[in-house]
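Asks: All I have is the shape, not the residue letters:
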Ligand SMILES: Nc1nc2c(c(=O)[nH]1)N[C@H]1C(S)=C(S)[C@@H](COP(=O)(O)O)O[C@H]1N2
Ligand SMILES: [Mo]
């Protein structure tokens, strides 16, 4: 293996992150709704200790009527349930070369759950966000150090984004209270955006007069070509499709083995920019493409199923690929688009299979 091979020389630090933050086992793409233990996980520091009895959400800053809401207060508010698919902005990072050192996701940092919560908008309207507020800041209970900077996990949204009807203060996942690892007692859900926006273990919601420039907003989650690039913030998810790996795997390489008979290749596709309009499948590594059939939509922010019948798998090795496009005109690239921190790499997935 050459040192430039992205598989070479994963560090112990990356291994520690990879064991804490697990991906979706790709066979779980079969479920319309991801069972909670199979949803991917990304926790920057530790899962914080939370005392549900004394926990409150502090709504303050540039508002007329600051609020302190208990979990019971939030649960008593109007509730909405929606299926929302989101993935980590670093999904695909481990395929880049040279590889940015962080959580080394291949393609599996995704999940699609039914989130129940109260629309943030109602809470903000009752608090009365002042006209001079430009952003709403969301602060988590978790605290740690990243690149030498000690911090709470904090992210902001512009007021208009925070006021979207579908942004939720969520307290249930798939009909159950949030699990500790997914943000108990309450988290933010920002449909369409990469995972970093969905702040877990919420402690404070603060209206700001100036744009937030904290670490997770302005240093992390920026698309940068080089160290000197001012960069572009990472926001919505580019389209991606993934397939349920067909056949059976080898334990170590996870290479797939298939019998020589017709089979259905199926998977899921999603985009944070709009609806999925097409998924194409290739059995020759992207030389030729054939359209897959799309399943019924499961809501504006949920992934869409797709399937394609492989009628005559010929013996030998094949590289199966799938490529999604959305109605905003985005399509998955066939070549990796490198960036300094390894975000938003939505290159088409390649699944090597051997037909026997
Ligand atoms: N408070 C807090 N919120 C957080 C994080 C975190 O470390 N702390 N990680 C973010 C990132 S980077 C992602 S990808 C998603 C992951 O959500 P999940 O673990 O529920 O899948 O949570 C986001 N919210
Ligand atoms: Mo993430």
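Replies: Cool, got the structure. Everything numeric here is computed off the predicted structure, so don't read it as measured data. Residues are numbered from 1 along each chain as shown. Ligands and ions are numbered 1, 2, ... in the order given.
Asks: Need the distance between the two termini of stretch 111-128.
Replies: Criterion C-alpha to C-alpha, to the nearest Å; first-to-last residue distance in stretch 111-128 is 34 Å.
Asks: Could you list which residues are in contact with residue 303?
Replies: By C-beta atoms under 8 Å, 6 or more residues apart in numbering, the contact set of residue 303 is 85, 110, 112, 268-270. C-beta here means a position set from N, CA and C on the backbone, and glycine is covered the same way.
Asks: now, which of those lie within helices?
Replies: Using DSSP state H, no member of the contacts of residue 303 falls within helices.
Asks: Please identify which of those residues is nearest to ligand 2.
Replies: Using C-beta to the ion, residue 110 comes nearest to ligand 2 of the contacts of residue 303, at 10.7 Å.
Asks: And the residue of the stretch 251-356 of the chain closest to ligand 2?
Replies: residue 343 (8.9 Å).
Asks: Quick one: name the residues of the stretch 201-350 of the chain near ligand 1.
Replies: Residues of the stretch 201-350 of the chain lying close to ligand 1 (C-beta under 6 Å from any ligand atom) are residue 201.
Asks: ok and the residue in the stretch 201-350 of the chain nearest ligand 1?
Replies: residue 201 (4.9 Å; C-beta to the nearest ligand atom).
Asks: per-residue pLDDT, that residue?
Replies: What the model reports as pLDDT for residue 201 is 98.
Asks: How about residue 341, nearest residue that isn't a chain neighbour?
Replies: residue 100 (5.2 Å; C-beta to C-beta, 6 or more residues apart in numbering).
Asks: Then residue 206?
Replies: Once flanking residues are discounted, residue 206 sits nearest to residue 61: 3.7 Å by C-beta to C-beta, 6+ apart.
Asks: cool, residue 265 as well?
Replies: Closest residue to residue 265 apart from its sequence neighbours, by C-beta to C-beta, 6+ apart: residue 308 at 4.9 Å.
Asks: Wait, a strand at that neighbour?
Replies: Yes. Under DSSP: H, G, I helix; E, B strand; the rest coil, residue 308 falls within a strand.
Asks: Enumerate every residue touching the residue lying closest to residue 248 once chain neighbours are set aside.
Replies: Among residues not flanking residue 248 along the chain, residue 257 sits closest, at 5.5 Å (C-beta to C-beta, 6+ apart). Going by C-beta under 8 Å, 6+ apart, residue 257 touches 247-250, 353-354, 356.
Asks: Now list the buried members of the residues you listed.
Replies: 247, 353 (16 or more other C-beta atoms under 10 Å).
Asks: Among the contacts of residue 257, which one lies nearest to residue 117?
Replies: Closest approach to residue 117 among the contacts of residue 257 (C-beta to C-beta): residue 249, at 37.0 Å.
Asks: so that closest one touches residue 258, yeah?
Replies: No. Taking C-beta atoms under 8 Å as the definition, residue 249 is not a contact partner of residue 258, at 10.8 Å.
Asks: Can you check which residues contact both of the two?
Replies: By C-beta under 8 Å, 6+ apart, residue 249 and residue 258 have no common neighbours.
Asks: sorry, back to before: how about TSV for the contacts of residue 303, with neighbour count and pLDDT added?
Replies: Converted to TSV, these look like this (neighbours: other C-beta atoms under 10 Å; pLDDT from 0 to 100):
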residue	neighbour count	pLDDT
85	25	98
110	26	99
112	25	98
268	30	98
269	28	99
270	25	98
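Asks: Among these, which ones are in strands?
Replies: 85, 110, 112, 268-270 (DSSP state E).
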